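Colleague: here you go, sequence then predicted model.
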2 protein chains.
Amino acid sequence: MLEVMISLEQLGKLSHISPSKIVLLVIDGLGGLPDIETNKTELESARKPNLDKLAYDSICGLTIPISSGITAGSTPGHLAIFGYNPLKYEVGRGIVEALGIDLELKPNDIAARGNFCTVASNGIIIDRRAGRISTEENTRLCRSLNEISINGVEIMVHSVKEHRFVLIIRGDGLSADLEDSDPQQVGLAVKWIEPISAGAGETARIANEFIAQAKKKLQNEKYANMVLMRGFSRHPNFPTIPEIYKLKPCAIAIYPMYRGLARMLEMQVTPAVENIAEEIEEVSRYYKDYDFFFIHYKNTDSRGEDGDFNAKVQAIEELDAVLPDLLKLNPDVLVVAGDHSTPATLAMHSWHPVPFLLNSKWCRPDSVTEFSEKACNFGSLGHFPAVDIMPLAMANALKLQKFGA
Amino acid sequence: MLEVMISLEQLGKLSHISPSKIVLLVIDGLGGLPDIETNKTELESARKPNLDKLAYDSICGLTIPISSGITAGSTPGHLAIFGYNPLKYEVGRGIVEALGIDLELKPNDIAARGNFCTVASNGIIIDRRAGRISTEENTRLCRSLNEISINGVEIMVHSVKEHRFVLIIRGDGLSADLEDSDPQQVGLAVKWIEPISAGAGETARIANEFIAQAKKKLQNEKYANMVLMRGFSRHPNFPTIPEIYKLKPCAIAIYPMYRGLARMLEMQVTPAVENIAEEIEEVSRYYKDYDFFFIHYKNTDSRGEDGDFNAKVQAIEELDAVLPDLLKLNPDVLVVAGDHSTPATLAMHSWHPVPFLLNSKWCRPDSVTEFSEKACNFGSLGHFPAVDIMPLAMANALKLQKFGA
């Protein structure tokens, strides 16, 4: 087509404050694939009268998370939903993990995601997650790693959960241009960390020294006898949601990563809760204080990744059951979207377009009467890029001025 | 998606002269929203057998004026229809107004749109349009403002209609980088004009002196006792329609702004007429002399902006009634499009995609049997950006060479 693409900066100039409220419900890994027996996807198999009724009253479509055929990771999948081109706005994994556990980072801090893992005596990785050790175990091990001392820098190791931790290296002249030590599969040796750019040699040396000292401290552990490091990164300083959209945003999420991502974009993150019913209670509790609510529902993705079709169906039904409590708030714009598909048959994230609905007084409803992959394909929004979700939500909330005279 | 966008320059290289004729009928503010009682849009409510028959014989779709969720102003909405990326090709409001009343501008002239307005004795704006004074009244006031004299520059004030006028400042070393004096809402004071760039200080001083002198001259007027200035700008020198498309274009429009815009793109503008029947007579009259006809129909937008659903329905029916006179000419390509939606329920321009049809011997008709928002949603063109209208029209007129060997 002829060139015509709006930038986040241009979009930002059109956005203005208004009293209307937007609720964005992200059902992680929402899209699926048909079960081989029933020929129905998870969504098509679920009893979900509330989502179906909502689809009937809404404008529907299928979002392409990043680009045709591209499978989105959790971070880029969410960045796209918030309007950020994930191919331009990249966030290191280390930063996302660090933000997810409420770490205050300094601008020059280097953060990396760490896994406790199990290696054989010949150094080959046997289990990349050390048998998913308990969080208590993790805390004990992190306390030990925190004793590591390296000349000229400060080393901080923070427990996340199960096998996961965050390493922060604080000091002058550090670089985040480092390769991972994690080869991302078992049966291989842990890699030495290599610098990617010329100025990163000293930081690579520090990171390798950390690993060497960690290995020594962990040598008597049965499972967690080594660490795998990846995603060395620095705070990216993106334009924030309040800056771009002039919104007062609130995020309700259970998993650390989504909480961290929301915080990075300067959403206010509510106290952590346990389940989707409590998440929606949080929306009610804070409803008067904000004009944008991002609700993250994780179970659909987790059950999809487990490859448990029925459990994913059940996760959808659980969400549907509490949806009326959300609808009671009567937001001016309600969006139900997913960051990517996670078909249980594939047991992983996938590239398939994701069912989408937008409900508002001004949405020009289409003829879709069910919330599913097949039905949304005939929605008025057709297939469209996830980065267009926010402009559509803002428009329907009458929070965007017209462009030009 | 992978990067694949054609530029206007690349498109221009493919265009060539041929005897075929293209008629582009722009129905301003064409798209609508359902009436709350009938659940039908303006188009769905109108009796329009000719448009429906045409849709049956055509390829249909919905155009996205600029980008999802973005509401187009009249100028960017039309620029997109003509193939210009409106995010790149921006025209100042002053220039558009000046061109609309047939002003010959010199390359360094600064043009601004003026409103006569009413201010209270404390300087607060009460009415941004001075009660929409008559055009005769406007002419009298402009004659008075034309007496304003400022050292070193020539000041010209031209009446447009009702409350609107154009100011031209002619001289050396002027800059168009000026803020508006118009705060765009009542209840606020008229602003001083501030320079946006470093070199614009002197022009800002001149503009403020014009306003001060105008205020003095208008002090005894009951309604039009002040002026509001906006859109300071200079001729943008875009590539023109004849340059890009090798077309000999003719524009038929009633409203000044659209006439001005057409002239700026070097279309020949026919003498002004009064209504759509006369506009179509003009097409017949000049049919042999040109190979591209842009017809602008304003009433749909005006009635939509009035919030008068039934009047917009009637405006559609009026157009439909005279359509056979246009069809008689049997153009090789007939396009019916809109620059944006103007739903009567919203009473303003909106972001909603706009019904579109293209009729030609080579159009590959789809299964659409009605010209409406819902029906066009199932057209073969799906949702597509308005900038792609001209490439499609040119292709169907066999006026584009193939790209590459």
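Modeller: Cool, got the structure. What you are looking at is a predicted structure, and each value in this text was computed from that prediction instead of being measured.
Colleague: and the strands in the stretch 301-405 of chain A, which stretches?
Modeller: In the stretch 301-405 of chain A, the strands defined using DSSP state E, counting those that start in this stretch lie at A:333-337, A:354-360, A:383-385.
Colleague: contacts (any at all) between chain B and the shortest one?
Modeller: By that I understand strand A:383-385. Yes - under the criterion of CB under 8 Å from any CB of the partner chain, chain B is reached by strand A:383-385 at A:F384, A:P385. C-beta here means a position set from N, CA and C on the backbone, and glycine is covered the same way.
Colleague: which parts of that strand are buried?
Modeller: A:H383, A:F384, A:P385 (16 or more other CB atoms under 10 Å in any protein chain shown).
Colleague: list just the nearest of those residues to A:A176.
Modeller: Proximity of those to A:A176 (CB to CB) peaks at A:P385, which lies at 28.6 Å.
Colleague: got the residues of the stretch 301-405 of chain A near chain B?
Modeller: Counting by CB under 8 Å from any CB, the stretch 301-405 of chain A sits next to chain B at A:362, A:364-367, A:380-382, A:384-385, A:388, A:390-396, A:400-405.
Colleague: give the PyMOL command for selecting the buried subset of those.
Modeller: Selection command for PyMOL covering only the buried members of those, criterion 16+ other CB under 10 Å:
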select buried, chain A and resi 362+364+365+366+380+381+382+384+385+388+390+391+392+393+394+395+396+400+402+403+404+405
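Colleague: can you name the residue of the stretch 151-300 of chain A nearest to chain B?
Modeller: A:Y245 (11.5 Å; CB to the nearest CB).
Colleague: just confirm that residue contacts A:M390, I think it does.
Modeller: Yes - here A:Y245 lies in contact with A:M390, judged by CB atoms under 8 Å, at a distance of 6.9 Å.
Colleague: anything in contact with each of those two?
Modeller: Common neighbours of A:Y245 and A:M390, counting by CB atoms under 8 Å, 6 or more residues apart in numbering or on different chains, are A:G83.
Colleague: any idea which helix or strand carries A:Y89?
Modeller: A:Y89 is part of no helix or strand when elements are defined by DSSP states H and E.
Colleague: repeat that for A:H78.
Modeller: Applying DSSP H and E, one finds A:H78 within helix A:74-81.
Colleague: what residues does that helix touch?
Modeller: Everything outside helix A:74-81 that qualifies as a contact, by CB under 8 Å, 6+ apart, is A:24, A:26, A:28, A:65-66, A:72, A:85-87, A:89-91, A:93, A:96, A:257-258, A:261, A:301, A:337, A:339-340, A:349, A:385-387, A:389-390.
Colleague: among those, name the buried ones.
Modeller: A:24, A:26, A:28, A:65-66, A:72, A:85-86, A:89, A:91, A:93, A:96, A:257-258, A:261, A:301, A:337, A:339-340, A:349, A:385-387, A:389-390.
Colleague: list the contacts of A:A262.
Modeller: Applying CB under 8 Å, 6+ apart, the residues contacting A:A262 are A:P249, A:A251, A:A253, A:V269, A:F294.
Colleague: surely the second one touches A:Y286?
Modeller: No - taking contacts as CB under 8 Å, A:A251 lies outside contact range of A:Y286: 10.2 Å.
Colleague: joint contacts of these two?
Modeller: Counting by CB under 8 Å, 6+ apart, the residues touching both A:A251 and A:Y286 are A:T270, A:F293.
Colleague: who has more neighbours out of the two?
Modeller: Using other CB atoms under 10 Å in any protein chain shown as the criterion, A:A251 and A:Y286 rank with A:A251 on top: 25 against 14.
Colleague: residues in the stretch 51-200 of chain A within reach of chain B, list them.
Modeller: A:S67, A:S68.
Colleague: in the stretch 51-200 of chain A, which residue sits nearest chain B?
Modeller: A:S67 (5.1 Å).
Colleague: and the helix or strand of chain A with the lowest mean pLDDT, what does it pack onto?
Modeller: Using mean pLDDT, DSSP states H and E, helix A:93-100 stands out as the lowest-scoring helix or strand of chain A, at a mean of 86. With contacts taken as 3 or more CB pairs under 8 Å, 6 or more residues apart in numbering or on different chains; DSSP states H and E, helix A:93-100 sits against strand A:110-119, strand A:154-161, strand A:164-170, strand A:226-233, helix A:256-264.
Colleague: could you check the angle the longest one makes with helix A:256-264?
Modeller: What separates the directions of strand A:110-119 and helix A:256-264 is an angle of 170 degrees, with axes from the mean of the first three to the mean of the last three CA atoms, to 10 degrees.
Colleague: distance from strand A:110-119 to the middle of the chain?
Modeller: Averaged C-alpha coordinates place strand A:110-119 at 19 Å from its chain's average position (CA atoms, centre = their mean, to the nearest Å).
Colleague: following that strand, which helix or strand shows up next?
Modeller: Counting by DSSP H and E, what follows strand A:110-119 is strand A:125-127.
Colleague: please name the strands paired to that following strand in the sheet, noting orientation.
Modeller: strand A:110-119 (antiparallel) (DSSP bridges).
Colleague: can I get the strand it pairs with as CSV, trimmed to CA atoms?
Modeller: Below are the C-alpha coordinates for strand A:110-119, written out as CSV (Å, rounded to 0.1, in the frame of the first residue of the first chain):
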residue,chain,number,x,y,z
ILE,A,110,22.6,-3.8,34.4
ALA,A,111,19.9,-6.4,35.1
ALA,A,112,19.9,-10.0,34.1
ARG,A,113,17.5,-12.9,34.5
GLY,A,114,19.0,-15.9,36.3
ASN,A,115,17.8,-19.5,36.5
PHE,A,116,19.1,-22.0,39.0
CYS,A,117,19.8,-25.1,37.0
THR,A,118,21.2,-28.6,37.3
VAL,A,119,24.5,-29.5,35.6
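Colleague: number of nearby residues for the nearest residue to A:E162 once chain neighbours are set aside?
Modeller: Among residues not flanking A:E162 along the chain, A:R132 sits closest, at 4.9 Å (CB to CB, 6 or more residues apart in numbering or on different chains). Residues lying near A:R132 (other CB under 10 Å) number 15.
Colleague: distance of A:R132 relative to A:T71?
Modeller: 24 Å (CB to CB, to the nearest Å).
Colleague: over to A:A112?
Modeller: 23 Å.
Colleague: what about the two, which has more around it?
Modeller: A:A112 (30 against 17).
Colleague: now do the contacts for whichever residue of the stretch 201-350 of chain A sits closest to chain B.
Modeller: Of all residues in the stretch 201-350 of chain A, the one sitting closest to chain B is A:V333 (11.0 Å; CB to the nearest CB). Taking CB under 8 Å, 6+ apart, we find A:V333 in contact with A:S20, A:K21, A:I22, A:V23, A:L358, A:N359, A:S360, A:A393, A:N396, A:A397.
Colleague: can we see that at 7 Å?
Modeller: A:V333 makes contact with A:I22, A:L358, A:S360, A:A393, A:N396, A:A397, according to CB atoms under 7 Å, 6 or more residues apart in numbering or on different chains.
Colleague: bridging residues for it?
Modeller: The partner residues for A:V333, given DSSP bridges, come to A:I22, A:S360.
Colleague: just to revisit the earlier point, a markdown table for the strands of the stretch 301-405 of chain A, including mean pLDDT and distance to A:I148?
Modeller: Putting those into a markdown table (pLDDT from 0 to 100; distance: least, CB to CB, whole Å) gives the following:
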| stretch | mean pLDDT | distance to A:I148 |
| --- | --- | --- |
| strand A:333-337 | 98 | 42 |
| strand A:354-360 | 98 | 43 |
| strand A:383-385 | 95 | 44 |
